[in-house]
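J.: take a look and give me a structure for this.
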Amino acid sequence: MKRFLSMLLFMSVFFTMFATVGQAAEVVPKLFLNGQQLKSDVNPQIINNATVVPVRTVSEGLGYQIFWDNVSKTATVTHGNNVIKLILNDTVALVNDQKVQMDTTASVIKGTTLVPLRFIGEQFGLDFEWKATEKEVHMYEHPQEPTDPNAPVEAAGIITNLAYSGDSTLTINYEGVVKANKPLLLENPKRVVFDFPNTAFTPILNTQFLNGQLEVDVTDSTYLDGFRYSLFSKSPPVARVVILIADNTGYVMTEDLGKFQLKFMPLKDVPVDPTVPVDPPVVINPENPPASNDVFDIVIDPGHGGSDPGAKSVLNKWEKEFNLSIALKMKALLDKETKIKAHFTRTGDTYPSLDERVKFAESLKADLFMSIHANSGAKAASGAETYYYRENSKAFAAVIHKHLIAATKIKDRGVKKEAYKVIKQTTMPAVLIEAGFLSNSVDAKMLFDNAAQNRIAAEMVAGIKEYLKVK
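T.: Here you go, the predicted model:
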């Protein structure tokens, strides 16, 4: 009977057996994947007390794709929707755009890229068995159930059809449980956006998508210019329907068993029931958010934490420490605001998962989301960056970045678009800041300076207030 060791026990045994080997192992272990020995031009090595193995040997055995960029010295490993980027001689890898600390750096020996075995186990989801007598490392891949590529995403409800009737009526047919979120009315162009949480589309509709969505033009309506629909989020599934409307257009939405109907008409003709409180759609213009007497809910997300320290600085301090320090300084300032209520994904050294951070912000129906990070790279790399993903976040990113540069007084690396999970899967305006490079001695000294941290916190709060037009 095979005895599977935990990763920690496996590494402990493995290192104990080779503790006196030094930089290169005298006894080279054999690698097996699912019972088949893996061959390579380069043997497994022990470097800096960490075992490294040829990534190509394991990845090709698992069916992953590998691309080596000789200019950036980066190996990109792809499997399905998962992408792992390993930079030569850098202990920080990017796993689905998120930084992950490795035990030792990726290296190249005889033209072959080698990575830490612990990293292989954690990221590829392998089980291990160490056979001491044979000096063999056996790795086992978790069996996967065959899946039907046309099967719908698991959801509480499925949209089966969307049809325009010719009389300015749009019908959305569905099966299961489908509920619509409060609609959004957006400008330039004018459109109404409906999100249906825990809802997907039928396989037939999915096959009609082009670049992730289906667009339908409407030419015979005074009130509708067209509509489009897409799966806005896969996990959890969220179906989105966007309807392009003319100026001064309103609608009445009715629901019957298995269908929603949207009847469009002049805004002045929309009936009002005097016994029902009027609940108009939320109006959002990303370039000019409306003033409000309400209290704004914002989420501050100090990146990493707990078991995920983030990048290590040249000062031997971790990114998670900087991120939390800025967040707590912002909290002290935001707690004094009467029109802003701040919520934090963590206030201590804990690690909420990325999904938990997104869910936290969505459950609050927050008005804004900000994730705090610091960068890592080559020693010469310096500067601050601000990231956004969705168009409704671009204006917020521009305001925050202006204040970030004012606070840090380092190189302006600009506002950039990137699909980081926490700013992609949240639906409110969301940004992620990289306040400087921990791998650069000048940036790192500034980032861990108390006065500089106070400036950064104050400028981030000022940027939030400026965007929300809060005095």
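J.: now for the closest residue to residue 309 other than its chain neighbours: which residues touch it?
T.: Leaving out its chain neighbours, the residue that sits closest to residue 309 by CB to CB, 6 or more residues apart in numbering is residue 318, at 4.0 Å. (Glycine included, C-beta is placed from N, CA and C.) By CB atoms under 8 Å, 6 or more residues apart in numbering, the contact set of residue 318 is 304, 309, 310, 311, 312.
J.: which of those tops the neighbour count?
T.: residue 304 (26 neighbours; other CB atoms under 10 Å).
J.: now the nearest residue in space to it that is not next to it in sequence, what's its secondary structure?
T.: Take residue 304 and drop its neighbours on the chain: the residue closest to it by CB to CB, 6+ apart is residue 310, 3.6 Å away. Following DSSP: H, G, I helix; E, B strand; the rest coil, we place residue 310 in the coil state.
J.: tell me the contacts of residue 310?
T.: Contacts of residue 310 by CB under 8 Å, 6+ apart are 99, 101, 303, 304, 318, 319, 320, 323, 373, 374.
J.: nearest to residue 418, of the residues you listed?
T.: residue 373 (11.6 Å; CB to CB).
J.: next, count neighbours for the closest one.
T.: Neighbours of residue 373 using other CB under 10 Å come to 28.
J.: which strands or helices does the helix or strand it falls within pack on?
T.: If you go by DSSP states H and E, residue 373 is part of strand 368-375. If you count contacts as 3 or more CB pairs under 8 Å, 6 or more residues apart in numbering; DSSP states H and E, strand 368-375 packs onto strand 296-302, helix 319-334, helix 421-424, strand 430-437, helix 450-468.
J.: paired strands for the very next helix or strand once past that strand, with orientation please.
T.: Next in sequence after strand 368-375, counting helices and strands by DSSP H and E, comes strand 384-388. Strand 384-388 pairs in its sheet with strand 412-417 (parallel), strand 430-437 (antiparallel), by DSSP bridges.
J.: which parts of the longest strand seen in the chain are buried?
T.: Ordering each strand of the chain by length in residues (DSSP state E) puts strand 224-234 first. Residues 224, 225, 226, 227, 228, 229, 230, 231, 232, 233 are the ones in strand 224-234 that count as buried (16 or more other CB atoms under 10 Å).
J.: and which of these is nearest to residue 444?
T.: Using CB to CB, the buried residues of strand 224-234 come closest to residue 444 at residue 233, 36.3 Å.
J.: tell me the bridge partners for that closest one.
T.: residue 238.
J.: wait, it sits on residue 421?
T.: No: the criterion here is CB atoms under 8 Å, and residue 233 misses it with residue 421 at 10.9 Å.
J.: how much space separates the spatially most central residue of the chain from residue 98?
T.: Nearest to the mean C-alpha position of the chain, counting by CA atoms, centre = their mean, stands residue 421 at 0.6 Å. Residue 421 sits 7 Å away from residue 98, going by CB to CB, to the nearest Å.
J.: next, show the common contact partners of these two.
T.: residue 354.
J.: and this protein, what are its domains?
T.: Domain assignment for the chain by automatic domain parsing gives 7-141, 157-284, 296-468.
J.: now these in CSV, with mean pLDDT?
T.: Below are the domains of the chain laid out as CSV (pLDDT from 0 to 100):
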stretch, mean pLDDT
domain 7-141, 66
domain 157-284, 81
domain 296-468, 94
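J.: return the most buried member of the ones you listed.
T.: Between the domains of the chain, domain 296-468 has the highest mean count of neighbours, a mean of 20, where neighbours are mean count of other CB atoms under 10 Å.
J.: do a quick rundown of the strands in the stretch 151-300 of the chain.
T.: 157-164, 169-176, 184-186, 191-197, 199-201, 213-217, 224-234, 237-245, 249-256, 259-266, 282-284, 296-302 (DSSP state E, counting those that start in this stretch).
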